[in-house]
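S.K.: Prediction below, plus the sequence it came from.
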Amino acid sequence: MAGAIGAQDGRWLMHRRPEDKAHGGLWEFPGGKIEAGEGARAALVREIAEECGLEVDPAQMVEAGFAAQDPAQCDGGRPILLLLFRCPAWTGEATSREGGQWRWCTRDEIEGLAMPPLDRVLAAQLFV
Ligand SMILES: Nc1nc2c([nH]c(=O)n2[C@@H]2O[C@H](COP(=O)(O)OP(=O)(O)OP(=O)(O)O)[C@@H](O)[C@H]2O)c(=O)[nH]1
């Protein structure tokens with residue numbers, strides 16, 4: 001799950017993955033994996049709260065795109081399917097809770113960030 005968390009000034013909240021993780025140092029839309037028995041929106045709410053402390057309103061999330069990993073890139077495991085939701089309603093202030101870095105970015109800034117491949121696809125869908 002991935003969230004496009006938008007602010008009134010047109011910026012979007014981006015997360016720089018910790019250096020010691022897969023895709024370390026790259027910028028992504030915040031989010032993470034769905035747990036067993038969990039709904040998609042609930043997973044995104046939980047992941048964003050865990051990572052940066054923002055409380056996102058699931059009722060106002062809107063589907064905004066998806067990106068599917070090339071099966072040849074997943075080392076025989078299950079390919080990742082990343083779903084993007086726009087998240088226009090949220091409260092709180094983003095702080096780093098799991099070692100990542102946070103930045104509010106304009107569209108132009110996002111287009112210049114180093115991102116993992118699926119997030120690049122999501123950004124293209126968000127900004128059509
Ligand atoms: N956002 C993103 N993640 C990707 C891409 N390709 C890919 O293999 N991944 C992997 O998908 C996983 C995303 O899950 P996550 O955001 O919960 O990652 P994490 O390492 O913080 O989770 P974990 O510590 O709970 O395993 C990561 O292992 C990440 O490296 C991609 O293009 N975009």
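M.R.: Sure thing, it's come through. Numbers count the residues shown, from 1 in each chain.

S.K.: Find me the pLDDT at E47, would you?
M.R.: Per-residue pLDDT puts E47 at 98.

S.K.: In space, what's closest to it - neighbours in sequence excluded?
M.R.: Counting by CB to CB, 6 or more residues apart in numbering, E47 lies nearest to G32, which is 3.7 Å off, once chain neighbours are set aside. Every C-beta, even on glycine, is put in place using the N, C-alpha and C of the backbone.

S.K.: do F66 as well
M.R.: Counting by CB to CB, 6+ apart, F66 lies nearest to L83, which is 5.0 Å off, once chain neighbours are set aside.

S.K.: So that neighbour lies in a strand, does it not?
M.R.: Yes - counting by DSSP: H, G, I helix; E, B strand; the rest coil, L83 is found in a strand.

S.K.: Surely it and V62 touch.
M.R.: No - the pair L83 / V62 is not scored as a contact, 11.6 Å apart, by CB atoms under 8 Å.

S.K.: Between those two, point out the one with more neighbours.
M.R.: The neighbour comparison of L83 against V62 (other CB atoms under 10 Å) goes to L83, with 19 against 10.

S.K.: still on that earlier bit, got a list of what the residue nearest to E47 touches?
M.R.: Neighbouring residues of G32 by CB atoms under 8 Å, 6 or more residues apart in numbering: 1, 43, 47, 50-51.

S.K.: Separate out the buried members of those.
M.R.: Buried subset of the contacts of G32 (neighbour count, 16 or more other CB atoms under 10 Å): 1, 43, 47, 51.

S.K.: any idea how far the nearest residue to G10 once chain neighbours are set aside lies from the ligand?
M.R.: Nearest residue to G10 in three dimensions, chain neighbours excluded: T106, at 6.5 Å (CB to CB, 6+ apart). Per CB to the nearest ligand atom, to the nearest Å, T106 is found 20 Å from the ligand.

S.K.: burial measure for T106, as a count.
M.R.: Applying other CB under 10 Å, we find 12 residues neighbouring T106.
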